[in-house]
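Q: with the input below, show me the fold.
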Amino acid sequence: MTAWTTLVDAETLAAHLHDADLRIFDCRFALNDTAAGERAWQEAHIPGARHAHLDRDLSGAHVPGAGRHPWPSAADFGDWLGRNGVAPDMQVVACDAGDGAFAARLWWLLHVAGHARVAVLDGGFARWTTLGLPTDDSVAPVEPATYPVAFDTSRLLDADAVAARMSAGGLLLDARGAERFRGEVEPIDRVAGHVPGALNRPYPSNLEDGRFKPALRLAEEFGTLLAGRPASDVIAMCGSGVTACHHLLAMAHAGLSGASLFTGSWSGWIEDPARAIATGTD
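A: As a prediction, the model looks like this:
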């Protein structure tokens, strides 16, 4: 039985494609063309992979403060898993085009639901095809399953909870690019800047040559940011609670457990015009 809990490489996954308890999800997505990832999956994907659409499958209905990619309800996410034949004891692998930014969202959804055997394909579909590994364009039926999802809501924070955690010494880590964090550009959301007191670590800092850095390197880098604090003090955020999951995955791979997600992230923070906004590096 496999037990991949953070990352799996293409060579290892290829050797297990026919495992009966394996489910692969292709999470390719593009913010500027929300149908592009599904089209790409239809053209070619890892054999057996099913599609997971960020907006339709990995997000939920909007409520105040939820941001652009609202966290789904446990019932809706459990229904989606069941329709795709995922049972609680199965090995799940999520992949995307390459850097893991969208695949990490599915990883975190399952991780915070207590699903132990879930991993992201390191290097994604790009590395898979570079290695000449097999692809397919068919979709095989799966036997529906039952998955009673219960999220660990203590690790899913709204804006008020984030503010309270920061007042108690929590570290808010923003995964957006430095220019967006400083408020110099804002290509997506209506207001530029960042949450006062947040630190910036763009999520590509977790990568090297298209793959995640070794666990020891990541542990050193996040350890510098933590400055002696426990990993459970970290709250990851981004624009909408998606690429922030990349930090949560990188930390788990580095053996740093207990961090949380600001589910609404920047797009949720700015839904309330009364909330403070910082620009620059402060």
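Q: quick one: the strands in this structure?
A: Here the chain has its strands, by DSSP state E, at 7-8, 22-26, 50-51, 91-95, 118-121, 156-157, 171-174, 199-200, 207-208, 211-212, 234-237, 260-262.
Q: want to throw those strands into CSV with distance to residue 244?
A: From N, CA and C alone the C-beta is placed, and that goes for glycine too. CSV is the format used below for the strands of the chain (distance: least, CB to CB, whole Å):
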stretch, distance to residue 244
strand 7-8, 17
strand 22-26, 19
strand 50-51, 22
strand 91-95, 15
strand 118-121, 14
strand 156-157, 11
strand 171-174, 8
strand 199-200, 12
strand 207-208, 15
strand 211-212, 16
strand 234-237, 4
strand 260-262, 6
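Q: please name the bridge partners of residue 25.
A: residue 50, residue 94 (DSSP bridges).
Q: ok, it touching residue 91?
A: No: here residue 25 does not reach residue 91: they are 11.7 Å apart, not a contact under CB atoms under 8 Å.
Q: these two: which has the busier surroundings?
A: Per other CB atoms under 10 Å, whichever of residue 25 and residue 91 has more neighbours is residue 25, with 27 against 23.
Q: and residue 261, what does it touch?
A: 108, 112, 155-157, 235-237, 241, 244-245, 248 (CB atoms under 8 Å, 6 or more residues apart in numbering).
Q: return the set of residues that bridge with it.
A: On the basis of DSSP bridges, residue 261 is bridged to residue 156, residue 236.
Q: quick check on residue 140: phi, psi?
A: phi -80, psi 140 (degrees, to the nearest 10).
Q: most widely separated two among the contacts of residue 261?
A: 112 and 237 (15.1 Å; CB to CB).
Q: what ranges does the stretch 151-282 of the chain have for its helices?
A: For the stretch 151-282 of the chain, the helices defined by DSSP state H, counting those that start in this stretch occupy 159-167, 178-182, 215-226, 244-253, 265-269.
Q: so which of those comes closest to residue 44?
A: Closest approach to residue 44 among these (CB to CB): helix 244-253, 24.4 Å.
Q: could you check the angle that closest one makes with helix 215-226?
A: Interaxial angle, helix 244-253 versus helix 215-226 (axes from the mean of the first three to the mean of the last three CA atoms, to 10 degrees): 110 degrees.
Q: distance of residue 206 from residue 213?
A: Look at residue 206 and residue 213: by CB to CB, to the nearest Å, they are 6 Å apart.
Q: tell me which of those two has more neighbours.
A: residue 206 (26 against 18).
Q: can you tell me the closest non-neighbouring residue to that one?
A: If you skip the residues right next to it in sequence, residue 206 has residue 250 as its closest partner in space, 4.1 Å away by CB to CB, 6 or more residues apart in numbering.
Q: give me the neighbour count for the spatially closest residue to residue 113 that is not a sequence neighbour.
A: Distances taken as CB to CB, 6+ apart place residue 149 nearest to residue 113, at 4.9 Å, with adjacent residues excluded. Neighbourhood size, residue 149 [other CB under 10 Å]: 22.
Q: thinking again about what came up before, correct me, but the residue nearest to residue 206 touches residue 212?
A: Yes: counting by CB under 8 Å, residue 250 touches residue 212, with 6.4 Å between them.
Q: if we can go back for a sec, now the common contact residues for residue 206 and residue 213.
A: Common neighbours of residue 206 and residue 213 (CB under 8 Å, 6+ apart) are residue 250.
Q: related to what we said a few turns ago, nearest to residue 7, out of the helices of the stretch 151-282 of the chain?
A: That would be helix 244-253 among the helices of the stretch 151-282 of the chain, by CB to CB, at 5.8 Å.
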